[in-house]
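predicted model follows, preceded by the sequence.
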Amino acid sequence: MNTSIGPAANPADTAAGTRKILLAEDEAIIALAEERLLRSSGYEVVSVRSGERAVEEIENDAGRSYDLVLMDIDMGRGMDGTEAARKILELREMPIVFLTSHSEREMVERVRGITRYGYVIKNSGSFVLLSSINMAFELFAEHERTLRSERALRERVLALTRPLDAGTEIAFDELFDPEELQRIQDTFSEVAGVASIITAPDGTPLTRPSNFTRLCFGIIRKTEQGLRNCYKSDAALGAYDPAGPRVMQCLSCGLWDAGAAITVDGRHVANWLIGQVRNEGTDRDRAIRYAREIGADPDDFLAAFEEVPVMALSDFQRIARALQVFANELSTKAYQNVLQARQMARNLEN
């Protein structure tokens, strides 16, 4: 078996980091040349001389330290490279690149039926070999991403096809795209000039806060009792009310808040909350008492209280009604996602 590996080409796109390669090559002189090339390109290399040893090496690799196998097809006596590759792929999914001295159609088809990562004709030079290895890594990474996406889709379809009764748990991000929902919330908050957040029915946040005041985010919610009271207030605000949005003073320092429930198929799944505004009638003395109650500095608390936006109650109520429209739209979209998932499940069954 003859091969020629010239001076190692080192293009920028062959940076290997600390990846580990198992080299299966039965001829010692060729193996030494290939090891030298791979190590000079930044790879860690372990070399074996037979197909049996290659399979054994992967089988005993409990920590899955190997990132790729570079496999000679013609391994002399014993197990050849294609058979060894099949056995390795039965143990774990990983990229395998074949080395061969042959380019006949039969050999090409033989390799294609085993792995999607291709082969390298010996005497092709170091640049071709290193580029093929890099391409195999990229293909494997894309394959892994595809598998994860398919798995996530199957899990989401499964979750959305379960009956939404009282005893069924369904994750919020199985109903909505969290980042899309965050953008909607941020935009509403910016346009309306109010703070906003979406929480679970018990008040636990599901999105990042939008436009929160320093008083609420930087002082009240930084204390243990204040945060607990905020969750309690958020849960009360978001309670389902068929009459429309709930508008009330928060259970903390009396700022005005509003909440609308997000429901799916009659089930309450989230609260969309807005507020952190005051009007001329908001009680400053109550705010100071509350500061002392939760252990906050009264002077800093009062200064932050004065920073809270002032809004007429009638204006805030109009914004709350708009909030209800948006919450209803989200409820409809979530229910449509459930129906779509059920249809997809039926299609898969057929």
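That came through, no problem.

which of the three states applies to Gly244?
Per DSSP: H, G, I helix; E, B strand; the rest coil, the local secondary structure of Gly244 is coil.

going forward can the numbers begin at 36, since that is how I track them
Sure, I'll start counting at 36 from here, so that last one is Gly279.

surely Asp292 is within a strand?
Yes: judged by three-state DSSP, Asp292 forms part of a strand.

report the contact partners of it.
268, 272, 282-285, 308-311 (Cβ atoms under 8 Å, 6 or more residues apart in numbering). For the C-beta atoms, the positions are set from N, CA and C on the backbone; glycine is no exception.

out of those, who's nearest Ser161?
Leu308 (61.6 Å; Cβ to Cβ).

am I right that Val312 is in contact with Ala227?
No: taking contacts as Cβ atoms under 8 Å, Val312 lies outside contact range of Ala227: 9.9 Å.

neighbour count winner among those two?
Val312 (24 against 20; other Cβ atoms under 10 Å).

what is the least confident helix or strand in this protein?
Within the chain, no helix or strand scores below helix 140-147, which has a mean of 66 by mean pLDDT, DSSP states H and E.

and Tyr101, that's in a helix?
No: with three-state DSSP as the criterion, Tyr101 is coil rather than part of a helix.

could you tell me how many residues sit around it?
So Tyr101, with other Cβ under 10 Å, has 19 neighbours.

that one: what's it in contact with?
Contacts of Tyr101 by Cβ under 8 Å, 6+ apart are 55-57, 81, 92-93, 129.

how about Gln220?
Neighbouring residues of Gln220 by Cβ under 8 Å, 6+ apart: 231-233, 242, 245, 307.

redo the residues you listed as JSON lines? Include neighbour count and secondary structure.
Formatted as JSON lines, the contacts of Gln220 follow (neighbours: other Cβ atoms under 10 Å; DSSP: H, G, I helix; E, B strand; the rest coil):
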{"residue": "Ser231", "neighbour count": "24", "secondary structure": "strand"}
{"residue": "Ile232", "neighbour count": "25", "secondary structure": "strand"}
{"residue": "Ile233", "neighbour count": "26", "secondary structure": "strand"}
{"residue": "Thr242", "neighbour count": "20", "secondary structure": "coil"}
{"residue": "Ser245", "neighbour count": "19", "secondary structure": "strand"}
{"residue": "Trp307", "neighbour count": "28", "secondary structure": "strand"}
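
out of those, which comes closest to Arg99?
For the contacts of Gln220, with Arg99 as the reference and Cβ to Cβ as the criterion, the closest is Thr242, at 36.2 Å.

which strand residues bridge the closest residue to that closest one other than its chain neighbours?
Counting by Cβ to Cβ, 6 or more residues apart in numbering, Ile233 is the residue found nearest to Thr242 once chain neighbours are left out, at 4.4 Å. Judged by DSSP bridges, the bridge partners of Ile233 are Trp307.

so Ile233 touches Ser245, yeah?
No: in this structure Ile233 lies outside contact range of Ser245 using Cβ under 8 Å: 9.4 Å.

picking that back up, give me the next element, helix or strand, following the least confident helix or strand of the chain.
strand 154-156 (DSSP states H and E).

by contact count, what packs against that next one?
strand 131-135, helix 161-195 (3 or more Cβ pairs under 8 Å, 6 or more residues apart in numbering; DSSP states H and E).

so which of the ones you listed is the most packed in?
For the helices and strands packed on strand 154-156, the largest average neighbour count (mean count of other Cβ atoms under 10 Å) is found in strand 131-135, namely a mean of 24.

CA atoms of that one as PDB?
Extracted in PDB, the C-alpha atoms of strand 131-135 (Å, rounded to 0.1, in the frame of the first residue of the first chain):
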ATOM      1  CA  ILE A 131     -15.800   8.400  10.200                       C
ATOM      2  CA  VAL A 132     -13.700   9.400   7.300                       C
ATOM      3  CA  PHE A 133     -12.300   6.600   5.100                       C
ATOM      4  CA  LEU A 134      -8.900   6.400   3.600                       C
ATOM      5  CA  THR A 135      -8.500   4.300   0.400                       C
END
